[in-house]
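> fold the following for me, if possible:
(one chain, ligands or ions: 1)
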Amino acid sequence: MEYASKEFLLKNGKTCVIRRTEEADAERMIEYVNVTAEETPFLGREPEEASFTLEQEREIIRNMNAAERNILLLAEVDGVHAGNANFSCVKDRARFRHRCGIGVGLYRAFWGMGVGTVLLEELLAAARTAGYEQVELEVVSTNEAAVRLYKKLGFQVTGTLPWAFKYKDGSYADFLLMVKKLV
Ligand SMILES: CC(C)(COP(=O)(O)OP(=O)(O)OC[C@H]1O[C@@H](n2cnc3c(N)ncnc32)[C@H](O)[C@@H]1OP(=O)(O)O)[C@@H](O)C(=O)NCCC(=O)NCCS
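Predicted structure coming up:
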């Protein structure tokens, strides 16, 4: 879907631009998926599973942009790629079309400076524009920064999913299911 770029001033004085991810970003998106998979245990991929080709990545972005009710936003801080957030419909059937699921992730270097807040505020506004009535996400229960951010933005914990992730060392992580109504 369409999204008009916006500029924000962060609390550290840096400028954050939120814009749509474009096909020209494909190479930096591959790098982003690889690096963030290494930097945090809270995203859903082992590092070696983050291996899209340039053409696959271009196609993912092309499809996201062509879809009327999907978005892949990108945040830049002083011109440097800081991270992304996306939403898509949970299922393309009449009984599900009021619900979207979201995801967000930033490079570690950009955590804690307010980028996640502006990125998600823009994402939620776009979800409302797209006609969604409910936004949903799953978050690792120990991911304090993310859970606090989501609560700050009005999400409520509605359930848990035990053993949602299994890590290579044999340990597990549970998910919290969080929901925000847009209407
Ligand atoms: C989760 C994430 C997107 C948050 O983005 P961010 O830009 O770091 O968050 P912000 O600086 O906008 O802070 C938003 C709120 O989160 C909370 N927060 C941020 N960092 C925190 C920390 N280290 N500990 C506890 N709470 C924290 C605060 O409540 C903060 O609000 P406040 O500053 O008004 O008090 C980011 O840390 C990230 O990408 N983490 C790794 C990937 C990930 O976990 N993605 C979510 C998967 S569900």
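> find the closest residue to the ligand in the chain.
residue 116 (2.1 Å; Cβ to the nearest ligand atom). For the C-beta atoms, the positions are set from N, CA and C on the backbone; glycine is no exception.
> and for the residue nearest to that residue when sequence neighbours are not counted, the neighbour number?
With Cβ to Cβ, 6 or more residues apart in numbering as the criterion, residue 116 has its nearest non-adjacent residue at 5.3 Å, and that residue is residue 149. The tally of other residues near residue 149 (other Cβ atoms under 10 Å) stands at 17.
> how about residue 80?
12.
> give me the beta-bridge partners of it?
Beta-bridge pairing for residue 80 (DSSP bridges): residue 77.
> and the gap between it and residue 54?
21 Å (Cβ to Cβ, to the nearest Å).
> shouldn't the residue nearest to residue 116 be in contact with residue 118?
No - Residue 149 is not in contact with residue 118 according to Cβ atoms under 8 Å; the separation is 11.1 Å.
> what do the two both touch?
With contacts defined as Cβ atoms under 8 Å, 6 or more residues apart in numbering, no residue is shared by residue 149 and residue 118.
> the helices in the protein, which residues?
26-39, 54-66, 115-129, 144-152 (DSSP state H).
> quick one: list the elements packing against the shortest one.
Yep, that's helix 144-152 we're talking about. Where contact means 3 or more Cβ pairs under 8 Å, 6 or more residues apart in numbering; DSSP states H and E, helix 144-152 is packed against helix 115-129, strand 134-140, strand 172-181.
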